[in-house]
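Chemist: Sequence first, predicted coordinates after that:
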Amino acid sequence: MDIATLLFSALYQFGDAFAFLVLSACGLAVIFGMMGVINLAHGEFIMCGAYVTASTAHAGLPLPLAILAGTLVSALVGVLVELVVIRHLYERPLDTIVATWGLSLIATQGTLIMVGSTMAGVGTPFGSFQVGAYSYSIYRIVLFCAALGVLAGLYALFNWTRFGVLARATIQVPHMAAALGVDTRLIYSLTFACGAGLAGLAGGLYAPTMTLVPTMGATFIMEAFVTVVIGGADVFLGTAPAGVVLAVIKSVMTSWQGQLFGQIGLLIAVIIVVRVLPKGISGFVLRERT
């Protein structure tokens, strides 16, 4: 294998790992990183997006519209969860762990009972291309571009729109925002829906690449939490750099010793970062700025 092929293979694996980490973590970065809600049902929002995407695609909807449907349904479920459960627990962060864990169990077992142990998947679109002796999926490159697009969209949403300004103000100083006439309950609901919708988007995007089972959320949630913890509370200063660092670690370890060692590398990385940078990468960047 020549140097160019090796380099392309390494970059491809990095892009694949980066896309998975960022897409799985963005929704959690909004709900956990920004809102402080420890959402153990994050994987089930991803599963919801994947199942709705597959169902609507089987019904004849084009894949992009099916992914959009999965995103919207997950966002609507997020609004319902926020109204019924999370709204009463903002001042009790430890209780959110129990509540969202319970929701996770209900969603997983409910899906197993109603839909079955597996669901027919969606074929991976766009085919593949050849570099040297190896074949690569074009759709994985689409996922990498989608991850960059989601990061750019989040930055624009929370920095250049009225909703973004109100959301950041409500989350940082809720009493002052309420005193200035902001409907903080509505902002909390919409922000939670945004995080849930992003989780559904991740599920929809990865539906063509995975076996759809009720427990598929477990595939995402560990790496999502690792990315958010390493990135810190700031979605924009934390998630992208954390995704880059972890993607390098995961791709190198996976190429060296396989998928299990890639997972172990991520866990070792989060232990080190929590010890050295307790507020994550974004906390370090903000501290240096001041």
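Modeler: Great, that's in hand.

Chemist: Low-confidence regions, the chain specifically.
Modeler: 1, 233, 286, 288-290 (pLDDT under 70).

Chemist: for it, what's the longest helix?
Modeler: helix 3-28 (DSSP state H).

Chemist: Tell me which stretches of the stretch 101-250 of the chain form strands.
Modeler: Taking DSSP state E, counting those that start in this stretch as the test, the strands found in the stretch 101-250 of the chain are 128-131, 134-137.

Chemist: Buried deepest among those strands, which one?
Modeler: Comparing those by mean neighbour count (mean count of other C-beta atoms under 10 Å), strand 134-137 ranks first with a mean of 14. The C-beta positions use only the backbone N, C-alpha and C, and glycine is treated the same way.

Chemist: so what strands line up beside that one?
Modeler: strand 128-131 (antiparallel) (DSSP bridges).

Chemist: Just give me how far the strand it pairs with sits from the chain centre.
Modeler: Strand 128-131 has its C-alpha centroid displaced from the chain centroid by 28 Å (C-alpha atoms, centre = their mean, to the nearest Å).

Chemist: what do you get for stretch 14-28?
Modeler: Worked out by C-alpha atoms, centre = their mean, stretch 14-28 lies 7 Å from the chain centre.

Chemist: For that stretch, buried residues please.
Modeler: For stretch 14-28, burial by neighbour count (16 or more other C-beta atoms under 10 Å) applies to 14-28.

Chemist: which one of those sits closest to residue 196?
Modeler: residue 27 (6.4 Å; C-beta to C-beta).

Chemist: who touches the closest one in this structure?
Modeler: 42, 45-46, 194-202, 224 (C-beta atoms under 8 Å, 6 or more residues apart in numbering).

Chemist: Repeat the analysis, applying 7 Å as the threshold.
Modeler: 42, 45, 195-196, 198-199, 202 (C-beta atoms under 7 Å, 6 or more residues apart in numbering).

Chemist: can you tell me which of these are in helices?
Modeler: Those of the contacts of residue 27 lying in helices (DSSP H): 42, 45, 195-196, 198-199, 202.

Chemist: which of the residues you listed has the most neighbours?
Modeler: With neighbours taken as other C-beta atoms under 10 Å, the top of the ones in helices among the contacts of residue 27 is residue 199, carrying 38 neighbours.

Chemist: Cool, thanks, talk later.
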